[in-house]
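1. Sequence unavailable; structure follows:
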């Protein structure tokens, strides 16, 4: 299967989010020790991340092509919404229902669970054959349907489930 420029940018951005997810989560967690609320710390880290993405898009627009910069920016925003913002906020809602955590604590656990979901989704993406070829983009029929549904479930529910596991682990130790 051949992917065009947009598909290649989407893959790079997606795997970039996989690599960035533990950095973002741990930076927000570390910064939250100095802030009253985890949400404020996460907002600061996300603002810095958005600034880096914007700088990358501007650099592409200036050095390569304005269309390339615009494409990168649009794909990065879409991927961040689908792979980061929605799963973490959904995870916060689920953790708020499943536990006695308040909204800010649930956000913290969902954010700390997000890298686990991202790494697992990357592993599932390349599971059919590795990085070089035969990832889920090459699957067809029922195999493709099962693979994509599994990826959607892992990305969507992963932060909540991993956060719940972390919460239960901490509750047992404490």
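-> Nice, thanks for sending it over. Computed from a predicted model, the values in this text were never measured in an experiment.

2. Return the set of buried residues in the longest helix anywhere in the chain.
-> In the chain, assigned by DSSP state H, the helix with the most residues is helix 141-173. Buried positions in helix 141-173, judged by neighbour count with 16 or more other CB atoms under 10 Å: 147, 150-151, 154-164, 166-167. Yep, even glycine has a C-beta here, placed from its N, CA and C like the rest.

3. where's the nearest residue to residue 61 once chain neighbours are set aside, which helix or strand?
-> Sequence neighbours aside, residue 69 is the residue nearest to residue 61 in space, at 2.6 Å (criterion: CB to CB, 6 or more residues apart in numbering). Using DSSP states H and E, residue 69 sits within helix 66-80.

4. what ranges do the helices span in the chain?
-> Remark: helices assigned in the chain by DSSP H are 5-32, 38-63, 66-80, 86-98, 103-126, 141-173.

5. on contacts alone, who are the packing partners of the fifth one?
-> In this structure, helix 103-126 makes packing contacts with helix 5-32, helix 38-63, helix 86-98, helix 141-173, judged by 3 or more CB pairs under 8 Å, 6 or more residues apart in numbering; DSSP states H and E.

6. Of these, which is nearest residue 77?
-> helix 38-63 (7.9 Å; CB to CB).

7. Kindly indicate which of the buried residues of helix 141-173 lies nearest residue 116.
-> residue 162 (3.8 Å).

8. Quick check, the closest one in contact with residue 113.
-> Yes. Here residue 162 reaches residue 113: they are 3.1 Å apart, a contact under CB atoms under 8 Å.

9. For residue 129, report the pLDDT, please.
-> pLDDT, residue 129: 69.

10. that older thread, make a markdown table from the helices and strands packed on helix 103-126 and add mean pLDDT and distance to residue 117 to it.
-> Below are the helices and strands packed on helix 103-126 laid out as a markdown table (pLDDT from 0 to 100; distance: least, CB to CB, whole Å):
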| stretch | mean pLDDT | distance to residue 117 |
| --- | --- | --- |
| helix 5-32 | 91 | 8 |
| helix 38-63 | 94 | 16 |
| helix 86-98 | 96 | 6 |
| helix 141-173 | 92 | 2 |
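
11. and of those, who's closest to residue 121?
-> Minimum separation from residue 121 across these (CB to CB) falls at helix 141-173, 4.9 Å.

12. quick one: the closest one to helix 103-126, angle?
-> Relative orientation of helix 141-173 versus helix 103-126 (axes from the mean of the first three to the mean of the last three CA atoms, to 10 degrees): 140 degrees.
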